[in-house]
Each structure stands twice: as C-alpha cells, then as structure tokens.
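Attaching a predicted model along with its sequence, questions to come.
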Amino acid sequence: MEKTPSLVVTSPNVKYTDEYIYSDYQYEETLVTKNGDDLIAKPIRKTLSIRTERKVGKVGVMLVGWGGNNGSTFTAAVLANRHQLSWNTKNGQMDSNWVGSITQASTVRLGMDEKGNDVHIPMCNLLPMIHPDDLVIDGWDISPLNLAESMVRAKVIDYDLQQKLKKEMSTMKPRPAIYDPDFIAANQSDRATNLIRGTRHEQYLQVRADIKSCRDKNKLDQIIVLWTANTERFCEIREGVHDTSENLERALRDNDSEISPSTIFAMAAIDENCIYINGSPQNTLVPGLVQRAEQRGVFVAGDDFKSGQTKLKSVLVDFLVSAGLKPVSIVSYNHLGNNDGKNLSAPKQFRSKEISKSNVVDDIVESNPILYKPGEKPDHVVVIKYVPYVGDSKRAMDEYTSEILLHGTNTLVVHNTCEDSLLAVPLILDLVLLAHLFARMAFREGDMTTWSSMHVVLSPLSYLLKAPLVPAGAPVVNALFKQRANIENILRAALALHPNHHMQLEHKIPFLMSELHSGALFNSPPHKKQKVAHENGDQ
Ligand SMILES: NC(=O)c1ccc[n+]([C@@H]2O[C@H](COP(=O)([O-])OP(=O)(O)OC[C@H]3O[C@@H](n4cnc5c(N)ncnc54)[C@H](O)[C@@H]3O)[C@@H](O)[C@H]2O)c1
Ligand SMILES: O=P([O-])([O-])O[C@@H]1[C@@H](O)[C@H](O)[C@@H](O)[C@H](O)[C@@H]1O
C-alpha cells in the first residue's frame, strides 16, 4: 500500500512535543445585534491555545447489539481490513476498504501548492487517530449467536468473504445483555435468550463488571461503548427519576420500570469512564444522565446514525433553501426487510425513528425568513415499511416539491437502494475515532492556568447523527456541510490552520496572482508569532 502523506505544520503558532501538539489559534466570529430594523455586526477575535494528546493508546469498542446487522458487519469490516482480505464475487475479485468513512476515505483541503492548486489530505492524517486495525471489539446482545452466525443471519457480507471471516468471528460471542420487552418491539422476543437477569441495578453492576473485564483482559487505555441495538420507544421523562443524576441513581436502585436498558448501559459506561454513543433514535441520554456525564467529565454523543435517506435530506434541503428555492413538501418513504425494519414495524419504535428523521430540516428552514414565515415548515412525512424479502437492502423513495419563481413548482424524486448496514458501519468507525480524538483535545484562553476539555456532549459528531444531541442552550445544526466544516475546522484549528474560506484570491486579485506566479507568495515569511505556545510543554 502506498505510504500516506504525514503532515508537519511549520508555524510559530504550532509546537510539537512528544506528548502533545500545541497550537495558538485566532478564533474569529462576528457578533450581531439588532437595533430596530438595523443589524449591527461586530467582528471579534479570541486567541485560544489548543492542546491535542498525541498518544492514542489501546482502545476497545464495546457494541450494544453486537450480534445485529450493523454490529456483525462492523466486525467483519474491521477484520477484513486488518487482514487486507480479498474475495471473489460474480463481478470479480474485491479488496477490503473503508469506503463511506470520512476519516478513512475522505480528504480535507489542506491548502494550495506553488501553482495555486488545492492540496488535499486524508482526514485521518490531520491529527493522531486510532487506526481501525488496532480496535479491540467486544459487546453485548440479547441474542446468543456468535459473530459468525450473526454475520450469516445478517446476509450483508458477500458469501466468499464470509467464508474467510467465519473462523475468527465464530470465536466472538456477545455478552448477555439487558432485555426489557416494554422498550423494543414484541417481535424481538424470540431473540432474547442471552440475558442478564436480576433487578435493573444488578444489571447495571453486571454491565460495569463486563466493561472492567474487557478493559483488564485486553489491557485497554480507553473503551467506547456504542449502542447499535434495536430502537427503543422513547422513555417518558419523569421528575424525580430522569431529571438529575442523583434521582436517576436512586430510581435505578428502586428498579424503576421507566429506566430503559439503553439508559442502564449508558449509566454503566459513564460510571466506568467510557465514552457513550447512541446510534439509535431513542432518548437514552436523559437529563440526569447528561448531568452525570458532566459531573464525571465523560463524553457522550447521539442520536441515531445519519446514514442514508436523512443524510441526503440534510444536503438537498440545504441546497434548495440556500438557492432561494422553497421546499414545501417532503415525503420520505422506505421499506426494508432486516431485523431493524422488523423492530420498527411496531408503532412505538417507529415513532422514535419518525422523530429523528423528521427534525433534520428545522435549522435549514429557520435560517431563511425570506422564504418561511416564523413557524412555517414544509409538509414532511416519514414512512417506513417492513418487507422481509428485501432484507438489509433498503429501498428509499423521496419526493421533494419546492416553490420556484412566480409560484411555479419543482419536484425532485430520488430512489435510493443500499445495504443499510454498509452505509451505517463506516459511521460507527468515524464516531469512535472522532469521539476519541475530541476527547484528547483541551483548550484555554489567554493566561488561564488550567486546560478545559470540550463540553461532554460531543456536538461536533452531529455530521454522523440524525438528531444531534447538543449542550443545553446550544443550537442544533443539521445542514450536512456546515456539520462537516465544523469537524474539519476544529481539526485545522488544532494545527493553527484557519478555516477553509475557498476565496482563492490568489486567482482573482492581480497583485496576488503575480505573487503566486512569481513564487513570491511561497517565499514570504510565515505570519508573525501570536503567542508563545508553552515552549517547554505543559506548565
Ligand atoms: N443504516 C442503518 O443500519 C441504521 C441507520 C441509523 C440507525 N440505525 C439503528 O441502528 C440500530 C441497529 O441497526 P441494525 O440494522 O444493526 O439492527 P439489528 O436488529 O440487526 O441489530 C440490533 C441488535 O441489537 C440486539 N438487541 C436488541 N435489544 C438489545 C439490548 N437491550 N441489548 C443488547 N442487544 C440488543 C438485537 O438482538 C440485534 O442483534 C437500530 O436501532 C437502527 O435503527 C441503523
Ligand atoms: O439513515 P436513514 O436512511 O435516514 O434512516 C434509516 C431508515 O430509513 C431505515 O428505515 C431504518 O431502518 C434505519 O435504521 C435508518 O434509520
């Protein structure tokens, strides 16, 4: 395999030590105030110091729902890439890859070369990240099947590749899990034979013990617990139960029936100092759990992988509205035949998914008061049907109708067929890698003496999630390219690189064009030092 480019930033504002990358970054924003009908814009600038831990350590990912289509496919993908497996199909020999992962298969514009052409770098080469091959995988499932049997059941991986993975995956067996028939569809009961018995508190203790045993057995530095089990119904948030960390803990000890399995897993993860990520739409991360995460400084993220139909929606609606066109009707239909679709065929579980799939246009619509009056929204319908025959091959059909000039209309129709798990699994990898990276970053301003981590609710992961969880009071952003720019620019800031502005003035302003073509631009000294980046490391 060709050597991927490594990156060194030569700037007076970047300092590399053995332990950290330090950057001094000029964070700029424009503050706007309203004065009657006038808008007053005031640019501000803050000099931040950013510190990124270079050591990645040995990391485990513990999947809740490990035996599912996503869990077994994720495991297959990690192993296939680790062993650089190739396999035969009717279309010839196929090689392993991570297509669909932004960290492994997408690039970031780094800058321009001496000819003024853009230079791009793989996202995973910007800052130290876990290598997928090094991930230790473990997890739980209410189904007792080992991972090879789960892979066969999922019918996602090509047959010949399955044969090459079976032996190793047959040694992987999901740990018994927490099952509560009140939270997932009744049609899941036949799988539920691999269970942790006892009260909710006893189950919580067992999950903590599982995490400890995984950590000790594999000598892990960090574990990320990720929910890719079935969609649960929303839990009813109750005062005195879900509202504070203390009440949640008491309610758990009292075996309160409104505490869901996913909330128990999340609480156990947080209490074991493990990052917790919710790949499903239910409201696992109740207020008391977020408070607990804040108290303990443990990172959480959610909800619901943004893999296909919704991801496209967060691009199409952004394109339409930013083009001054007015989406007025959005109908998203899909059918699929996997177990996820079977679980979603139950009304309460579908409702969880309907919510996460429906809110994705709100921020885009609210950004344009020219087109939409306050509170006005497009008609928006979400339909999901379970059709066993098609299996994991989701068939999505969308219709977008927009008003155009002089009340004309434009209707876009999209048909999208895909193996749903092959779209979701790269997102699982990216969620793990990026959550782990953001957890290794710290920030301070001016003469602050202590470093501060990001807020424990990792909203930069919104790009990967349908219904992004954000810190209290923070705005929810769903527009896909704003979300991606958020990730890119945070990674760039950690290297004291300014956001990509795409102005390309070196190709538009004659004197800059001359500097570029004469080579003067490339020979100019780096900009002046803004602040010493702790010359001797962390003090
Ligand atoms: N494209 C996608 O596949 C996609 C996109 C977005 C969200 N999701 C969500 O990801 C989740 C998994 O999707 P999937 O296709 O792998 O579904 P799946 O049904 O194949 O896998 C879910 C697994 O979770 C297990 N399970 C159920 N309840 C459990 C519990 N309490 N503890 C442990 N295990 C439990 C089931 O036995 C099953 O093996 C679903 O909630 C789905 O809505 C999937
Ligand atoms: O990611 P996306 O394609 O918008 O949404 C998908 C739904 O359309 C699908 O029916 C469901 O089974 C998946 O879990 C996923 O949530």
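Here it is on my side, so go on. Ligands and ions are numbered 1, 2, ... in the order given.

List the contacts of stretch 253-265.
Residues outside stretch 253-265 that contact it (C-beta atoms under 8 Å, 6 or more residues apart in numbering): 64, 140, 177-180, 182-183, 199-201, 203-204, 207, 225, 227, 229, 232, 235-236, 238, 241-242, 248, 251-252, 276, 278, 280, 282, 284-286, 289. To be clear about C-beta, it is placed using only N, CA and C from the backbone, and glycine gets the same treatment.

So which of the residues you listed reach ligand 1?
Near ligand 1, taking C-beta under 6 Å from any ligand atom as the test, the members of the contacts of stretch 253-265 found are 64, 140, 177-179, 229, 280.

Pull the most distant pair out of those residues.
179 and 280 (15.3 Å; C-beta to C-beta).

Compare those two and say which is more crowded by neighbours.
Ranked by neighbour count (other C-beta atoms under 10 Å), residue 179 and residue 280 place residue 280 first, with 26 against 22.

Skipping adjacent residues, who's closest to that one in space?
Distances taken as C-beta to C-beta, 6 or more residues apart in numbering place residue 231 nearest to residue 280, at 4.7 Å, with adjacent residues excluded.

And residue 173, by the same measure?
residue 146 (4.7 Å).

Same question for residue 361.
Closest to residue 361 by C-beta to C-beta, 6+ apart is residue 317, at 4.8 Å.

thinking that neighbour is in contact with residue 364, fair?
Yes: applying C-beta atoms under 8 Å, one finds residue 317 in contact with residue 364, separated by 5.1 Å.

if we can go back for a sec, any of the contacts of stretch 253-265 buried? List them.
64, 140, 177-180, 183, 200-201, 203-204, 207, 225, 227, 229, 232, 235, 241-242, 248, 251-252, 276, 278, 280, 282, 284-286, 289 (16 or more other C-beta atoms under 10 Å).

Torsion angles phi and psi at the residue nearest the centre of the chain?
Geometric centre of the chain, nearest residue: residue 464, 3.4 Å, by C-alpha atoms, centre = their mean. The phi/psi pair for residue 464 (degrees, to the nearest 10) reads phi -100, psi 0.

From ligand 1, how far off is the closest residue to it other than its chain neighbours?
Using C-beta to C-beta, 6+ apart and skipping the chain neighbours, the partner closest in space to residue 464 is residue 427 (4.8 Å). Noted for residue 427: a distance of 8 Å to ligand 1, by C-beta to the nearest ligand atom, to the nearest Å.

any residues touching the host helix or strand of the residue nearest to residue 361, and which ones?
Assigned by DSSP states H and E, residue 317 belongs to helix 309-322. Applying C-beta under 8 Å, 6+ apart, the contact partners of helix 309-322 are 306, 326-327, 330, 332, 334, 356-357, 360-361, 364-365, 367-368, 371, 378, 394, 396, 398, 400, 402, 412, 414, 416, 466, 478-483.

cool, and stretch 31-47?
For stretch 31-47, the external contacting residues (C-beta under 8 Å, 6+ apart) are 24-30, 445-446, 530-531.

ok so, going back, now, which of the buried ones among the contacts of stretch 253-265 lie within helices?
200-201, 203-204, 207, 248, 251-252, 289 (DSSP state H).

will you turn those residues into CSV that also has distance to residue 162 and pLDDT?
Below are these laid out as CSV (distance: C-beta to C-beta, whole Å; pLDDT from 0 to 100):
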residue, distance to residue 162, pLDDT
200, 37, 98
201, 40, 98
203, 33, 98
204, 35, 98
207, 30, 98
248, 42, 98
251, 44, 98
252, 40, 98
289, 38, 98
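
for those, which one is nearest residue 159?
Of all these, residue 159 sits closest to residue 207, with 34.9 Å by C-beta to C-beta.

Leaving out chain neighbours, which residue sits closest to the closest one?
Leaving aside its chain neighbours, residue 207 sits nearest to residue 268 (3.8 Å; criterion: C-beta to C-beta, 6+ apart).

what residues are up against the closest residue to ligand 1 within the stretch 1-150 of the chain?
Here the residue of the stretch 1-150 of the chain nearest ligand 1 is residue 68; by C-beta to the nearest ligand atom that distance is 1.9 Å. Applying C-beta under 8 Å, 6+ apart to residue 68 gives the contacts 141, 150, 154, 228-230, 339-340.

Go through those and give me the one with the most neighbours.
residue 229 leads these on contacts (other C-beta under 10 Å) with 32 neighbours.

Which pLDDT value goes with it?
Looking at residue 229, its pLDDT stands at 98.

quick one: low-confidence ranges for this protein?
Low-confidence segments of the chain, defined by pLDDT under 70: 1-5, 526-539.

any idea which residue of it is furthest from its center?
Within the chain, the residue lying farthest from the chain centre (C-alpha atoms, centre = their mean) is residue 518, at 43.6 Å.
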